[in-house]
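[1] got a predicted structure here, sequence first:
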Amino acid sequence: MAKDTEKLIRQLSLISYLMAERRPVTALEIRRDVEGYSGMNEDAFARRFYADRAELDSLGIQLTVERPIDGIAEQENYSLRPENFHLPPIAFTDGELASLQTSLTLLDGEFAYAEPLRLALQQITWGRPSPLTAPAQQSIALGITGSAGGHELSARLAKVETAIFRSKTITFDYYTMERDDTGARKVDPYHLLFQGGQFYLLGHSHERGALRVFRLSRMRGKVAYATKAEHDFKRPDTSVFDPRDYADRATWQFGDTVDTGRVWIAGRIAWQVERHYGRYGTVDTDPAQPGGIVFSTPYANTRQLAAWVLRLGEHARVLEPAALADDVKARIDVLRDRHTGPLQLAATVSHAPGAAEAETPSRANGSGGESRREAAIRPERFARLVTLASILIEAGRGGVRLDLAELLQRLQITESELREDVNVLNVVNFGGGSYVLYAEVHDDGTIEVDPEPYSDNFARPARLLPVEAKALVAAIDLIGDHLPEGTLTSAREKIVAALGADPMEQGLHVARSGGDDAAIARAASQGIRDKVLVNIEYYKANEDEFSERLIEPYALINGREGWYVAAYDPAKEDVRHFRLDRIKTATVTDTPYEQRPQTDAARDVEGWPRTGEVPASRSARVWVSPDRARWAREERHVAEELEDGSIIVELSFAGTDWLVREILMEAGDAAVVEPADVREAVLAGIARIA
């Protein structure tokens, strides 16, 4: 029998024994009565028992130890309080259960934590109709799903997740984009962050002697443990390290702050900046700057803040510091020069599409291709065994034979894995030949279960293990307030209350996508739920104009740039997608609508929401400077490699104004090669800014 299997039998038997005895027991009694310990000598028992206690403790299952006054270890008494193993009942509403089921349906197979999520839902919905079998809602679709993306990245994520859980120092090679250099890293991993379709590791870098952020897609080769020790470091408390500080930063705030920028924002878009960027600084009015607001924001990266200001065009102007204003002006001059007259290009080295070996956009955003059915994080087998035990006991007590194929689908495991798990559970006991259950897999594809009298130790939901808790809350946070039923928020509050702590503080944080669009999302969701028209005031950034639309909201979908409401627009006689962060106001009417037949509002979710490339009839060739070529290779389709290290990328675009803003946002490091009318449009945009 494998060592891992022996360990699981010992740990489950220990839990069963302590729960059945309902009294403190000595180490001598445990060694005598619990399966797996009886054949050990004193030294071996002491080592194994200590290791098992430590591992159970790390899983959130804490044994109570009563020490005698004289401190003799052999006389210590051990017990397991029911609340340290069982999960408190959670009174979910039917709507909350349906919403949790929707979360799994949307994420199953496309979420790095899908397997522990499945087990977590099994435990928290104990005694209620399983959300795993309920009909799925069709009013939401996800372009960004939290998938690791590809086998290699999935393997890294799984290793990092385990290292965080076990407090193990890891080593890996890392490609540093700013220096265009790959070097060895030794890191104490503290936390994972999922943001903008990417997984990031937050941890203490031994090389730098400070906290650093590492993007998993830029790690090279395998992730390895630095030592063979059980644990290598102690994770700092939140007074020293709070992951939320890193999840709630603007792109210009990554790194050490160098200054605070004051930017005037025109009243036309002040509402948008205040709603979606206000959390990155402060918003004030200034009598000396009428007609708008002044946005003050600390920044660490001058270029990134300059790029953001330039993308806002004539609606933004740097007030101070002078160095930032001068930087923006210099970048405007470079942009003007590169779009005036012919653009001088270096000789072409390669015309091969995708000459760079970087990730394509569909892979880079964690949602593409073959990786979508890949399970990056597999739950601890302990969690699977506890869940399986509860399912088997419930069936045995009800006198019901389980369907083998249905159970395999429910747990997403193979038949050989299930048979191994059943064999383990069949030998779990708590002394004196008293077993938890006996299950037999029959040739007719059914499973018959005979539970023992003391099987009620597993006949209640067990506490969620750390990875299960993280999976559950991460799934909720990924979807946020965007379910028409609006019940995920209340479900999250109940789950955190039952757990006694927020799992997002214990190793994984999902940053919110886009701006603060909760109020708009609620209005759209109400319209979807009640099937009534919603009146929206929509800002078309491409044309810099507002319009009122009376829409039939059908679904909410997310993509690389945020959340959208997919709706039928009667005025356009077609389906349209409206970005929530561009909806200034949304008013739910009492006018009902009937969804039009053959209209699938979320049908595009497999396309531009995942890739960022909208259907378009035009393509532009864009030059990218050597300094920024490395970043462009991660996100764009490379058409040519040039001799000086610059590249030519191809961009599909539906509106010239959109492409102009993309070029402005590159802050002088990109220029349109062709078509000519877009080059002229960039010049016109520069003139408006100047």
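    Yep, that arrived. Just so we're clear, the structure is a prediction, and the values are computed from it rather than from any experiment. Numbering: from 1, shown residues only.
[2] show me this structure divided up by domain.
    3-84, 113-248+366-378+465-511, 262-330, 348-362+613-689, 518-609 (automatic domain parsing).
[3] and the ones you listed: which comes nearest Leu407?
    domain 113-248+366-378+465-511 (11.2 Å; C-beta to C-beta). Every C-beta, even on glycine, is put in place using the N, C-alpha and C of the backbone.
[4] average pLDDT for the closest one?
    Averaging pLDDT along domain 113-248+366-378+465-511 yields 82.
[5] tell me the SS of Ala155?
    Following DSSP: H, G, I helix; E, B strand; the rest coil, Ala155 is assigned to helix.
[6] quick one on the thing from earlier: now render the domains of the chain as a markdown table, adding distance to Glu448 and mean neighbour count.
    A markdown table is the format used below for the domains of the chain (distance: least, C-beta to C-beta, whole Å; neighbours: other C-beta atoms under 10 Å):
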| stretch | distance to Glu448 | mean neighbour count |
| --- | --- | --- |
| domain 3-84 | 21 | 16 |
| domain 113-248+366-378+465-511 | 21 | 19 |
| domain 262-330 | 57 | 18 |
| domain 348-362+613-689 | 47 | 17 |
| domain 518-609 | 43 | 18 |
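[7] let's have the ones you listed in TSV, adding distance to Val400.
    What follows is the domains of the chain, written out as TSV (distance: least, C-beta to C-beta, whole Å):
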stretch	distance to Val400
domain 3-84	23
domain 113-248+366-378+465-511	14
domain 262-330	52
domain 348-362+613-689	44
domain 518-609	36
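[8] for those domains, which one sits closest to Arg336?
    domain 348-362+613-689 (5.1 Å).
[9] so how far does that closest one reach from one end to the other?
    This stretch, domain 348-362+613-689, spans 33 Å end to end (C-alpha to C-alpha, to the nearest Å).
[10] average pLDDT across that domain?
    The model assigns domain 348-362+613-689 a mean pLDDT of 84.
[11] from the middle of its chain, how far away would it be?
    29 Å (C-alpha atoms, centre = their mean, to the nearest Å).
[12] same deal with stretch 567-576?
    The answer for stretch 567-576 is 32 Å, by C-alpha atoms, centre = their mean.
[13] just the mean pLDDT for that stretch, thanks.
    So the average pLDDT for stretch 567-576 ends up being 89.
[14] nearest to Pro342, of the domains of the chain?
    Across the domains of the chain, closest to Pro342 is domain 348-362+613-689 (C-beta to C-beta), at 9.7 Å.
[15] tell me the mean pLDDT over stretch 30-41?
    Mean predicted lDDT for stretch 30-41 stands at 86.
[16] no no, stretch 321-333
    96.
[17] nearest to Leu408, out of the domains of the chain?
    That would be domain 113-248+366-378+465-511 among the domains of the chain, by C-beta to C-beta, at 12.3 Å.
[18] can you map out the helices along the stretch 1-150 of the chain?
    Along the stretch 1-150 of the chain, the stretches classed as helices by DSSP state H, counting those that start in this stretch are 3-21, 27-33, 42-58, 94-107, 114-124.
[19] include distance to Ser625 when you put these into TSV, please.
    Shown next, in TSV, are the helices of the stretch 1-150 of the chain (distance: least, C-beta to C-beta, whole Å):
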stretch	distance to Ser625
helix 3-21	52
helix 27-33	68
helix 42-58	49
helix 94-107	39
helix 114-124	40
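[20] return the member of the ones you listed having the minimum mean pLDDT.
    helix 94-107 (a mean of 81).
[21] how much distance is there from it to the middle of the chain?
    That offset, for helix 94-107, works out to 17 Å (C-alpha atoms, centre = their mean).
[22] same question for stretch 173-181.
    Using C-alpha atoms, centre = their mean, the offset of stretch 173-181 from its chain centre is 24 Å.
[23] can you give the contact residues for it?
    Residues from elsewhere that reach stretch 173-181, judged by C-beta atoms under 8 Å, 6 or more residues apart in numbering: Thr182, Gly183, Ala184, Arg185, Phe214, Arg218, Met219, Arg220, Gly221, Arg630, Trp631.
[24] now for those: which two are most distant?
    Top of the distance list for these (C-beta to C-beta): Ala184 and Trp631, 22.9 Å.
[25] among the domains of the chain, which comes closest to Leu437?
    Short answer: domain 3-84, nearest of the domains of the chain by C-beta to C-beta, at 10.3 Å.
[26] measure the closest one end to end?
    OK, domain 3-84 end separation, C-alpha to C-alpha: 26 Å.
[27] so how far is Phe295 from Trp264?
    8 Å (C-beta to C-beta, to the nearest Å).
[28] do Ala247 as well
    From Ala247 to Phe295 the distance is 21 Å (C-beta to C-beta).
[29] could you do Val328 as well?
    14 Å.
[30] do His442 as well
    From His442 to Phe295 the distance is 68 Å (C-beta to C-beta).
[31] to Ala684, which of the helices of the stretch 1-150 of the chain lies closest?
    Comparing the helices of the stretch 1-150 of the chain by C-beta to C-beta, helix 94-107 comes nearest, at 42.5 Å.
[32] three-state assignment of Asp627?
    Asp627 - assigned by three-state DSSP - is coil.
[33] ok now do it, which residues does it touch?
    Counting by C-beta under 8 Å, 6+ apart, Asp627 has contacts Asp669.
[34] could we number from 107 for the rest of this?
    Fine by me, first position is 107 from now on; the one you just mentioned is Asp733.
[35] distance of it from Asp750?
    11 Å.
[36] what's the answer for Arg173, then?
    For Arg173, the distance to Asp750 - C-beta to C-beta - is 72 Å.
[37] about what we covered before: nearest to Ile601, of the helices of the stretch 107-256 of the chain?
    Per C-beta to C-beta, nearest to Ile601 of those: helix 220-230, 6.5 Å.
[38] so which elements touch that closest one?
    helix 200-213, helix 487-503, helix 510-517, helix 572-585 (3 or more C-beta pairs under 8 Å, 6 or more residues apart in numbering; DSSP states H and E).
[39] switch to 10 Å and redo it
    helix 200-213, helix 487-503, helix 510-517, helix 572-585, helix 594-605 (3 or more C-beta pairs under 10 Å, 6 or more residues apart in numbering; DSSP states H and E).
[40] what ranges does the stretch 307-456 of the chain have for its helices?
    Using DSSP H, counting those that start in this stretch, helices in the stretch 307-456 of the chain cover 350-353, 373-383, 408-417, 428-444.
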